[in-house]
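Asker: Got a sequence here, can you model it:
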Amino acid sequence: MAHRRSTVRTGRLQSLRATVRGPVTTEADRIAPFGRDASHVTGRPLAVVAPHDTRDVVGLVRWARRTGTPLVPRGGGTSLDGESVPPDGGVVIDMSGWSRLLEVQPEGLWARVQPGMVNRDLARALRPHGLFFPPNPGSWTASTIGGNVGTNASGMRSFRYGPTRAWIREVDAVLGTGRPIHLGSRVAKRSAGPDLLQLFVGSEGTLGVATEITVRLAPVPAVRLGVVVPVPARTRLGSLARSLSRLPGSGLSAVEYLDEASANVLAERRAVRWPKDSSLLLLEVEADGPGEARRRLARVRRALAGAGVPGSFTVFDDADELWTLRGESGDVLLERFGQHVREDVAVPLPEVDALVVELRRIARTERVPFFLFGHLGEGSLHPNYAVDPSTSAAARIRAAVFRASRSRGGTISAEHGIGRVKRAFLAEELGESAVALLAAVKHACDPDGILNPGKLYPPVSARGRPPSP
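Answerer: Numbering: from 1, shown residues only. Model prediction:
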């Protein structure tokens with residue numbers, strides 16, 4: 001039996017190498033890193049393929065259909081719910097080499113990029129044009145534009161600019177049928193039926209493999225200040241966020257929060273210049289010049305004082321310095337505790353304080369260390385519990401966190417996606433009819449269920465259609 005499995009594997013790899021022009025890697029030590037991402041989920045890939053071009057991607061998908069082999073597109077591997085981890089025996093499509101900026105149109109405020117381009121690299125490439133791509137996930141030094149599209153990633157500046165979904169104009173992709181497709185348009189608005197592009201954004205590589213992406217751009221503000229403000233104990237965070245969201249002429253593009261425990265751990269592991277032993281509010285203030293920046297900063301200071309936060313400001317002249325540091329919050333907890341429960345929920349702003357109380361209660365009940373940070377201005381929080389994510393305690397915590405968010409009109413995933421970790425909870429959020437509709441979409445785009453199986457959507461059988469929605 002073992003000999004037969006080995007023969008089948010050898011034949012499959014031979015046919016794979018004959019199908020694509022790009023390199024096919026099978027050495028165990030070289031492909032092992034592709035069996036992990038930033039989550040605790042793991043898998044054992046059969047091979048890793050770096051496609052040479054779109055024709056390779058088409059051939060690869062058609063090969064997978066013939067052989068029944070799962071395919072998993074992968075960019076920077078920064079996903080937190082197992083989105084880019086292959087099932088055992090699957091083939092990883094390594095898109096990290098597709099990392100070029102193909103075209104910039106400053107007049108039209110758009111650019112064409114390959115899906116493997118890293119967020120920060122795109123920012124640097126656009127700087128000479130005075131433009132930028134606003135979504136900036138905490139992992140922006142490694143996350144790719146294709147990955148951002150796959151999970152509808154957000155980041156610190158989403159307080160003003162919104163998630164990735166708002167900044168994608170077009171996507172070229174290869175569906176699970178092996179057929180190329182072009183989605184979207186470069187025009188500012190279009191009414192030509194349901195928006196298939198927006199269906200693709202957030203699909204986690206389960207409908208197709210993106211090969212080219214057109215992104216919207218915004219002019220870079222002349223001044224972007226990062227601001228750190230200590231938050232007194234017992235401050236009502238929801239009220240604070242609502243006050244800042246209603247503040248006219250503030251220039252605020254980010255309203256972030258680090259609880260005291262998170263801020264202290266970050267200060268222990270990284271060189272920081274902000275107050276110690278306090279929860280922190282992290283802001284970004286944009287302006288057209290230094291004078292306007294001073295006026296806007298004063299306006300924010302007055303608003304904070306009125307909300308009971310009169311502390312001194314620590315100002316970063318380059319906001320990206322602050323966001324790079326803030327983006328390491330999850331990394332330093334990983335360094336200290338190893339893999340742990342790292343969640344991503346959101347509630348309406350009036351429910352933020354009640355949610356925080358419940359999140360802390362869960363930690364006390366389970367007797368585990370607790371750390372909280374996130375995008376306060378949108379009610380989007382990342383509760384972290386220092387417990388092995390594969391244990392029964394972790395399962396209880398995760399379920400309790402999701403119940404706490406959903407019971408307050410919230411969501412189980414604000415920006416990290418569903419992946420493998422949250423898949424079992426999707427029906428509770430969307431309802432059975434909506435999940436059945438998603439399954440029908442999955443079946444139409446990927447009838448054999450070869451693209452990123454086990455993530456987001458229910459399983460799709462090649463021998464039968466999914467249930468009717």
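Asker: what pLDDT, on average, does stretch 105-124 get?
Answerer: Mean pLDDT, stretch 105-124: 97.
Asker: Could you do stretch 301-316 as well?
Answerer: The model assigns stretch 301-316 a mean pLDDT of 91.
Asker: Could you do stretch 263-275 as well?
Answerer: 87.
Asker: If you count contacts, what does the host helix or strand of Leu280 end up packed against?
Answerer: Assigned by DSSP states H and E, Leu280 falls within strand 279-287. Of the remaining helices and strands, those touching strand 279-287 by 3 or more CB pairs under 8 Å, 6 or more residues apart in numbering; DSSP states H and E are strand 223-231, strand 252-258, helix 260-269, helix 290-306, helix 319-326. C-beta coordinates here come from the backbone N, C-alpha and C atoms, glycine included.
Asker: how about 6 Å then?
Answerer: strand 223-231, strand 252-258, helix 290-306 (3 or more CB pairs under 6 Å, 6 or more residues apart in numbering; DSSP states H and E).
Asker: what angle do the longest one and strand 223-231 make?
Answerer: It stands for helix 290-306. Relative orientation of helix 290-306 versus strand 223-231 (axes from the mean of the first three to the mean of the last three CA atoms, to 10 degrees): 20 degrees.
Asker: Likewise for the second one?
Answerer: For the pair strand 252-258 and strand 223-231, the angle between their directions (the same axes, to 10 degrees) equals 30 degrees.
Asker: Let me know the average pLDDT across strand 252-258.
Answerer: 97.
Asker: I would like the residues contacting that strand, please.
Answerer: Residues outside strand 252-258 that contact it (CB atoms under 6 Å, 6 or more residues apart in numbering): 156-157, 159-160, 244, 280, 282-284, 286, 373, 376-377.
Asker: again, 8 Å this time
Answerer: Outside strand 252-258, the residues that touch it by CB atoms under 8 Å, 6 or more residues apart in numbering are 156-161, 224, 231, 237, 241, 244-245, 266, 279-286, 300, 319, 323, 326, 329, 372-378, 381.
Asker: Pro51 sits in which helix or strand?
Answerer: Using DSSP H and E, no helix or strand contains Pro51.
Asker: tell me the centre residue of this structure?
Answerer: Computing the C-alpha centroid of the chain and ranking residues by CA atoms, centre = their mean puts Ala153 first, at 3.6 Å.
Asker: who touches it in this structure?
Answerer: Pro135, Pro137, Ser143, Gly147, Pro163, Thr164, Glu415.
Asker: any chance of those residues in JSON lines, with secondary structure too?
Answerer: Converted to JSON lines, these look like this (DSSP: H, G, I helix; E, B strand; the rest coil):
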{"residue": "Pro135", "secondary structure": "coil"}
{"residue": "Pro137", "secondary structure": "coil"}
{"residue": "Ser143", "secondary structure": "coil"}
{"residue": "Gly147", "secondary structure": "helix"}
{"residue": "Pro163", "secondary structure": "coil"}
{"residue": "Thr164", "secondary structure": "helix"}
{"residue": "Glu415", "secondary structure": "coil"}
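Asker: So which of those is surrounded by the most neighbours?
Answerer: When neighbours are counted by other CB atoms under 10 Å, Gly147 leads the contacts of Ala153 with 33 neighbours.
Asker: so the nearest residue to Thr78 once chain neighbours are set aside, which of the three states?
Answerer: The shortest distance from Thr78 to any non-neighbouring residue, by CB to CB, 6 or more residues apart in numbering, is to Ser139 (4.0 Å). Ser139 falls in the coil class when you classify it by three-state DSSP.
Asker: measure Ser139 to Val332 for me?
Answerer: Remark: distance between Ser139 and Val332 (CB to CB, to the nearest Å) = 13 Å.
Asker: More neighbours: which of those two?
Answerer: Ser139 (25 against 17).
Asker: all helices of the stretch 351-469 of the chain, in order?
Answerer: 352-366, 392-406, 426-430, 432-445 (DSSP state H, counting those that start in this stretch).
Asker: Can you say which of these is nearest to Leu197?
Answerer: helix 432-445 (13.2 Å; CB to CB).
Asker: Now the closest one - C-alpha only, PDB.
Answerer: Taking C-alpha atoms only, helix 432-445 is exported to PDB below (Å, rounded to 0.1, in the frame of the first residue of the first chain):
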ATOM      1  CA  GLU A 432     -28.300  29.100   7.300                       C
ATOM      2  CA  SER A 433     -29.900  30.700   4.200                       C
ATOM      3  CA  ALA A 434     -27.000  33.000   3.600                       C
ATOM      4  CA  VAL A 435     -24.400  30.300   4.100                       C
ATOM      5  CA  ALA A 436     -26.300  28.100   1.600                       C
ATOM      6  CA  LEU A 437     -26.200  31.000  -0.900                       C
ATOM      7  CA  LEU A 438     -22.400  31.300  -0.400                       C
ATOM      8  CA  ALA A 439     -22.100  27.600  -0.900                       C
ATOM      9  CA  ALA A 440     -23.900  28.000  -4.300                       C
ATOM     10  CA  VAL A 441     -21.500  30.700  -5.300                       C
ATOM     11  CA  LYS A 442     -18.600  28.600  -4.300                       C
ATOM     12  CA  HIS A 443     -19.900  25.700  -6.400                       C
ATOM     13  CA  ALA A 444     -20.400  27.900  -9.400                       C
ATOM     14  CA  CYS A 445     -16.800  29.300  -9.200                       C
END
